[in-house]
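Peer 1: Build me a model:
(2 chains)
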Amino acid sequence: MRFLIPLFLFIVMVAFLAVGLKLDPREVPSPFIGKPAPAFNLPQLSDFGKSISNMDLQGQVSLLNVWASWCVSCKQEHPFLMKLAKQNILPIYGLDYKDEREAGLGWLKHFGNPYTAIGFDADGKVGIEWGVYGVPETFVIDKKGVIRHKHTGPITEDSWQQTLLPLIIQLQKEGSPS
Amino acid sequence: MKYWLMLFCVTLSFSVQAIEIRQFDDPAKQQAYENLVQELRCLVCQNQSLADSDADLAKDLRTEVYNIIQSGKSEQDAVKFLVDRYGDFVLYNPPLKSTTSLLWLGPFGLLLVGLVCLGLLAKNRNAGRKMESALTEEESRRLQALKNKLKG
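Peer 2: Model prediction:
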C-alpha cells in the first residue's frame, strides 16, 4: 500500500498542472459585469459630425467590439465579425481604440465594415473607462444598457457557439426596458 | 576603468526608472505617485508594475494616476479609480474578500495539513519502535543467538 502514496501525490500534482495549463492568465474578470455601461460620448469614425454615446447602446441587445487597425488579433477576428453582421442577429458597435483616423477608415475599406456605428477613441480615455487592456475585447450589453459579459481576445466560432450566442438568445428573450 | 564602471552603473540605473518626467507641486504628492505606480499591476505585462512597464496602456494609466494625485485627491481615490475599472487584479496586495479567501487562508490550511501529516508520521514511528521491543522471549533468545553467531 505504501508505494501508492507517491503515485497518489503524482496524480494530484498532474491534476493541478493540467488545470493550470488550461487557465488563461489574460482572462481578468471584469468588474463591469451586471453594471450599466460606462458613460461616453465620441465622434463617429466614419463621420465626425455624428456622435455615439452609451445611450445608443440601450433598447436592444448589442455587442461593443473594441478594435484598432494596429491590432494583429483584430485582423484574425474580423472575418468572423463580417459573417456575424450578415446574419443580422444583433447590432455590433465598434470602438476604434487609440487609432489614427485614416488607418481606421483604411482598415474598414480594405476588410469591410461589420459595425452599425463606430466610436473613435483617439486617446484611449473611453477604453480606460471601460477597463480595456488588450484589444480585441467584446462586451455583451442587454436591452437596459447593462454589461452582461466580456470576451477578451478574438471571438472564435467555438466561443461564439458555446458562450456568446446562448447568452445573447437568453438576453433577447428578457423583457424590453420598461 | 573604475570610473567607467561607475558611469556605466549610473546610466544603468537611469534606464530602469526614468520613463517620463513628471512635475509635482508638492513632494508628498510625488511620493504618493511613486508608491502607487510601484504597487499597481500593469494589465498588459502582468508581472510588471505600472512603474516598470513600457506598455502603452501602462503609460496612460500612469498619466491617470498622476492627474488624480496632482488634482489633490488621495492615494485611495487613485486605487479606487483603477479597481473600479480593472478589478482587484491591479492590486499586488489584494484585499481579504470571499473571492480571495483561498489566496489568503490557503497557505495556513496547507501548513495545518503539513503539521497533521508530521504528527501522524511521528506517531507511526513511535509505534514502530514499541513493536520492535515487543519480541517474545523465544524471539529475543533467537536474536541473541544470531548476534552471538555473527560475533563469533
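
Peer 1: Quick one: the strands in chain A, in order.
Peer 2: Under the criterion DSSP state E, strands of chain A are mapped to A:41-43, A:51-53, A:62-67, A:92-97, A:117-121, A:137-141, A:147-152.

Peer 1: Just put those strands in CSV and tack on mean pLDDT.
Peer 2: Rendered in CSV, the data for the strands of chain A read as follows (pLDDT from 0 to 100):
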stretch, mean pLDDT
strand A:41-43, 93
strand A:51-53, 91
strand A:62-67, 95
strand A:92-97, 94
strand A:117-121, 94
strand A:137-141, 95
strand A:147-152, 92
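
Peer 1: separation between residue A:116 and chain B?
Peer 2: Going from residue A:116 to chain B by CB to the nearest CB, to the nearest Å gives 25 Å. (Glycine included, C-beta is placed from N, CA and C.)

Peer 1: What of residue A:98?
Peer 2: To chain B, residue A:98 is 7 Å away according to CB to the nearest CB.

Peer 1: before we move on, what about residue A:21?
Peer 2: With distances taken as CB to the nearest CB, residue A:21 is found 17 Å from chain B.

Peer 1: Redo the strands of chain A as CSV? Include distance to residue A:159 and mean neighbour count.
Peer 2: Formatted as CSV, these follow (distance: least, CB to CB, whole Å; neighbours: other CB atoms under 10 Å in any protein chain shown):
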stretch, distance to residue A:159, mean neighbour count
strand A:41-43, 27, 16
strand A:51-53, 26, 16
strand A:62-67, 13, 25
strand A:92-97, 15, 25
strand A:117-121, 22, 23
strand A:137-141, 9, 23
strand A:147-152, 6, 20
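
Peer 1: so which of these comes closest to residue B:93?
Peer 2: When those are compared by CB to CB, strand A:147-152 sits nearest residue B:93, at 23.9 Å.

Peer 1: Could you give the number of residues near residue A:54?
Peer 2: Here the count is done by other CB atoms under 10 Å in any protein chain shown, and residue A:54 has 20 residues near it.

Peer 1: Kindly report the same for residue B:35.
Peer 2: Neighbour number of residue B:35 under other CB under 10 Å is 14.

Peer 1: Ok, residue A:112 next?
Peer 2: Neighbour number of residue A:112 under other CB under 10 Å is 14.

Peer 1: who's in contact with it?
Peer 2: Applying CB atoms under 8 Å, 6 or more residues apart in numbering or on different chains, one finds that residue A:112 lies in contact with A:78, A:82.

Peer 1: quick one, phi/psi of it?
Peer 2: With angles defined as degrees, to the nearest 10, residue A:112 shows backbone torsions of phi 100, psi 160.

Peer 1: Make a markdown table out of the strands of chain A and add distance to residue B:148.
Peer 2: As requested, those are exported to a markdown table (distance: least, CB to CB, whole Å):
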| stretch | distance to residue B:148 |
| --- | --- |
| strand A:41-43 | 99 |
| strand A:51-53 | 100 |
| strand A:62-67 | 88 |
| strand A:92-97 | 90 |
| strand A:117-121 | 94 |
| strand A:137-141 | 84 |
| strand A:147-152 | 78 |
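
Peer 1: Of the ones you listed, which is nearest residue B:100?
Peer 2: Proximity to residue B:100 (CB to CB) singles out strand A:147-152 among the strands of chain A, at 20.1 Å.

Peer 1: Please name every helix or strand in contact with that closest one.
Peer 2: Contacts of strand A:147-152 with other secondary structure elements, assessed using 3 or more CB pairs under 8 Å, 6 or more residues apart in numbering or on different chains; DSSP states H and E, are made with strand A:137-141, helix A:165-173.

Peer 1: Out of these, which is closest to chain B?
Peer 2: In terms of CB to the nearest CB, the element of the helices and strands packed on strand A:147-152 nearest to chain B is strand A:137-141, at 11.3 Å.

Peer 1: tell me the angle the closest one makes with strand A:147-152.
Peer 2: Direction vectors for strand A:137-141 and strand A:147-152, defined by axes from the mean of the first three to the mean of the last three CA atoms, to 10 degrees, enclose an angle of 170 degrees.
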